[in-house]
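> Got a predicted model here, sequence first, then my questions.
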Amino acid sequence: MATLTRLGRFISARDHNMMRRISRWSPPSWVRVWMTSSSRAGDGWLWGSMAIPILWLGGQRRYEAMAVLASAALTGIVVFLLLKRMCSRARPCEIAPIRWKELVPPDRFSFPSGHSITAFAMVVPLSLFYPTFMMELMFCAVSVASSRVVLGLHFLSDVVAGSLMGAGIGYAAYALVV
């Protein structure tokens, strides 16, 4: 137990140090636009808009893909809502506010990143159904996840944990259907 406590303190110290650095950073305008757009797309717009081409052009497995995506998204949402309430970790923007960010956090708690869980819960099965688009899909998921750190809405550990959880949820949803 003492080892876990030390590990938690180590991670937390690194998270706080990184957020203090990010809060002082003044990124170029293209980075601001990219990060803000990625975060907003991760609110659900990006994943919801993918339903149209999947249903229209998704081939014989399109209904399977939609069922897997729906179950992965719902599972991811339930997981992050439960964990956020259990962990109650303050957001980094409460500790070191980002001067240039335009977004307001959707709730009070930081761990885990719901955007990261959802992004990877969507992208992993989509990449398995449509491997041709894996690079583009991963770019979208990594952009959403990294935007949460750059915008001061999450600590790096929130995003890493959320991404891993989302990838696991997405893979499990895929494996249950296929």
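Perfect, thanks for sending it.

> which ones are touching the residue nearest the centre of the chain?
By Cα atoms, centre = their mean, the chain has its centre lying nearest to residue 116, at 1.0 Å. Counting by Cβ atoms under 8 Å, 6 or more residues apart in numbering, residue 116 makes contact with 141, 144, 145, 148, 154, 158, 159, 160, 161, 162, 163, 166. C-beta coordinates here come from the backbone N, C-alpha and C atoms, glycine included.

> What strand or helix carries it?
helix 114-129 (DSSP states H and E).

> follow-up on the earlier one: now the residue nearest to the centre of the chain: how far from residue 149?
9 Å (Cβ to Cβ, to the nearest Å).

> shared neighbours, those two?
residue 159.

> how far away is the residue nearest to the centre of the chain from residue 165?
With Cβ to Cβ as the criterion, residue 116 and residue 165 are 8 Å apart.

> Show me what secondary structure element comes after the longest helix that the chain contains.
The residue-count maximum for a helix in the chain (DSSP state H) belongs to helix 62-87. Next along the chain after helix 62-87, taking DSSP H and E as the criterion, comes helix 92-95.

> tell me the mean pLDDT over that following helix?
Averaged across helix 92-95, pLDDT comes to 79.

> can you give me how far it is from the chain middle?
Centroid displacement of helix 92-95 relative to its chain, using Cα atoms, centre = their mean, to the nearest Å, is 18 Å.

> Counting neighbours, which bits of that helix end up buried?
In terms of neighbour count (16 or more other Cβ atoms under 10 Å), helix 92-95 has its buried residues at 92, 93.

> Would you mind pulling up the elements that it packs against?
On a contact count with 3 or more Cβ pairs under 8 Å, 6 or more residues apart in numbering; DSSP states H and E, helix 92-95 meets helix 2-24.

> where in the chain is pLDDT low?
Along the chain, the model assigns pLDDT under 70 to residues 1, 4, 96-97, 99-103.

> repeat that with 90
1-27, 29, 32, 42-62, 65, 84-110, 151-153, 177-178 (pLDDT under 90).
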